[in-house]
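# below is the sequence, then the predicted model.
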Amino acid sequence: MENIFEVKYNNQPVRVREVPVGMDTVYIANFVDAQPLVLVRASDANSGRFWTSVPEGRQELAQRIGPLIAEQIRKTL
Amino acid sequence: MCYYNGVRVTKVEFIRLRHLEKLISQYDFLVNPLQIGFEYRECPVLKARPDKKDFDLVQMEWGFLGDPNKWPFIKTREEVSNFRHGYKDAAGKFHPPITTLNAMAEELLQPNKLYRDAALNRRCLILSSGFYEWRHVFPMGKKGQPLKTAVKFPYYIHLPGREYFYMAGVWNPWTDAETKRSVETFAIVTTAANKLMEQVHNSKKRMPAILSEELAYEWMLGDLPEKRITEIAKSQYPWKEMEACPIAKDFREALDPAAPFDYEDLPALELAV
């Protein structure tokens, strides 16, 4: 079952869908005025966690939107 | 060690992310759960390879554009926009829009029809998880007579147990004469409504030509005579294997457009056998 929720970014609503893909969960962020962004949580080389865009290329945006998604998920736990 | 998006990750993590990329590229359509025809966006389509032995999942623009050599008034994007949305000419005369989102099965192969060559040579399958139609209900007046103005209720129609299904389509490549950018465009084939869709899409009594897996592959990969093309295009998916539920009138803006919605004044569909 997909989980759909909304976060606010730059005072604009961003619709987020949590979608299982293979063995992973990805988050698809739909913006009012920009191309959708696919995000996933990943582990860096020091075993720390970070948000990244898939495919590569929109890391800065992924690092801004990712924490908003995490916060929203925490709220609904 | 490798880098992904500028962050140092282990080889194992790098491979996981690359694998995810590949999976996501195959499911690009998941990005948008709601396709609105009149927005002429790109949608997921299965297209046969030239040898007709295999197929690819590609994105095509919904809204069939014919060959500009035969349809010379759609050579550029501006002309396409005029064609699709209507426009006023220099004399102020309004030319209404022409929609090529749907191709009627009964007319597909008629001589000189826009879709004939594509129906013969470029048939495709549109992947869908469900679609939306409006049911017109005429409320009763004070004297018990039906009023002339219908109240419209949106429905979400899907195939229970099927995450995705196939609609028959026809496609055509189109190149912008100014920018030389090429796109592939398509129309969804429609057929007469079955028992369920007659009541839901009761203003037009049409439905997309939804195909079983067997018919879908025959449609896309088969070397078919005209009679068979028309037969498949006109086929009606069994109504008992479909489900239609009313949804909120503002579903286009909803987080989950397909979420069921109860209307007090909406009579139930009559589907008794």
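All right, it came through fine.
# what about A:N10, distance to chain B?
A:N10 is 19 Å from chain B, where distance means CB to the nearest CB, to the nearest Å. C-beta coordinates here come from the backbone N, C-alpha and C atoms, glycine included.
# pull out the buried residues from the helix or strand bottoming out on mean pLDDT in chain A.
For chain A, using mean pLDDT, DSSP states H and E, the weakest element among its helices and strands is strand A:12-21, scoring a mean of 84. Neighbour counts over strand A:12-21 (16 or more other CB atoms under 10 Å in any protein chain shown) mark A:14-17, A:19, A:21 as buried.
# now render these as JSON lines, adding distance to B:E270.
Formatted as JSON lines, the entries for the buried residues of strand A:12-21 read as follows, by distance: CB to CB, whole Å:
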{"residue": "A:V14", "distance to B:E270": "42"}
{"residue": "A:R15", "distance to B:E270": "36"}
{"residue": "A:V16", "distance to B:E270": "39"}
{"residue": "A:R17", "distance to B:E270": "35"}
{"residue": "A:V19", "distance to B:E270": "37"}
{"residue": "A:V21", "distance to B:E270": "41"}
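# ends of stretch A:29-48, what's the gap?
23 Å (CA to CA, to the nearest Å).
# cool, and stretch B:92-107?
For stretch B:92-107, the separation between the terminal residues is 33 Å (CA to CA).
# need the contact partners of it.
Applying CB atoms under 8 Å, 6 or more residues apart in numbering or on different chains, the external contacts of stretch B:92-107 come out as B:37-38, B:62-66, B:82-89, B:113-115, B:119, B:168, B:170, B:187-191, B:206, B:208-209, B:230, B:233-234.
# for stretch B:202-218, same thing?
Applying CB under 8 Å, 6+ apart, the external contacts of stretch B:202-218 come out as B:102, B:104-105, B:125-126, B:128, B:131, B:133-136, B:150, B:159, B:165-168, B:188-194, B:197-198, B:201, B:219, B:224, B:228, B:232-237, B:242.
# for that stretch, measure first residue to last.
First-to-last distance for stretch B:202-218 - CA to CA - comes to 30 Å.
# what's the answer for stretch B:44-56, then?
10 Å.
# buried residues, it. List them.
Of the residues in stretch B:44-56, B:44-48, B:55 count as buried by neighbour count, 16+ other CB under 10 Å.
# over to stretch B:179-189?
Neighbour-count burial for stretch B:179-189, counted by 16+ other CB under 10 Å, picks out B:183-189.
# select only the buried ones of the contacts of stretch B:92-107 in ChimeraX?
Selection of buried members from those for ChimeraX, criterion 16+ other CB under 10 Å:
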select /B:37,62,63,64,65,66,82,83,84,114,115,119,168,170,187,188,189,190,191,206,208,209,230,233,234
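# let's see which of the contacts of stretch B:92-107 end up in strands.
B:62, B:87-88, B:168, B:170, B:187-191, B:206, B:208 (DSSP state E).
# of all those, which comes closest to A:K75?
For these, the closest approach to A:K75 (CB to CB) belongs to B:W62, at 36.6 Å.
# tabulate the buried residues of stretch B:179-189 (a markdown table), appending pLDDT and distance to chain A.
A markdown table is the format used below for the buried residues of stretch B:179-189 (pLDDT from 0 to 100; distance: CB to the nearest CB, whole Å):
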| residue | pLDDT | distance to chain A |
| --- | --- | --- |
| B:V183 | 90 | 17 |
| B:E184 | 93 | 20 |
| B:T185 | 95 | 20 |
| B:F186 | 95 | 21 |
| B:A187 | 96 | 25 |
| B:I188 | 96 | 23 |
| B:V189 | 97 | 28 |
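# quick one on the thing from earlier: now render the ones in strands among the contacts of stretch B:92-107 as CSV, adding distance to B:K249.
Listed next are those as CSV, based on distance: CB to CB, whole Å:
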residue, distance to B:K249
B:W62, 23
B:Y87, 30
B:K88, 32
B:A168, 30
B:V170, 32
B:A187, 27
B:I188, 24
B:V189, 28
B:T190, 24
B:T191, 27
B:R206, 22
B:P208, 22
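# show me what contacts the nearest residue to A:L39 once chain neighbours are set aside?
Nearest in space to A:L39, with sequence neighbours left out and distances taken as CB to CB, 6 or more residues apart in numbering or on different chains, is A:Y27 at 4.6 Å. Contact analysis of A:Y27 by CB under 8 Å, 6+ apart lists A:16-19, A:38-40, A:66, A:69.
# the residue located most distally from the centre of chain A: which element?
Residue farthest from the centre of chain A, counting by CA atoms, centre = their mean, is A:N46 at 21.4 Å. Under the criterion DSSP states H and E, no helix or strand holds A:N46.
# one more: B:W134?
For B:W134, the host element (DSSP H and E) is strand B:131-137.
# in that strand, what's buried?
In strand B:131-137, counting by 16+ other CB under 10 Å, buried: B:131-135, B:137.
# returning to what we had before: and of the ones in strands among the contacts of stretch B:92-107, the nearest to chain A?
Lowest distance from chain A to those (CB to the nearest CB) belongs to B:W62, with 17.1 Å.
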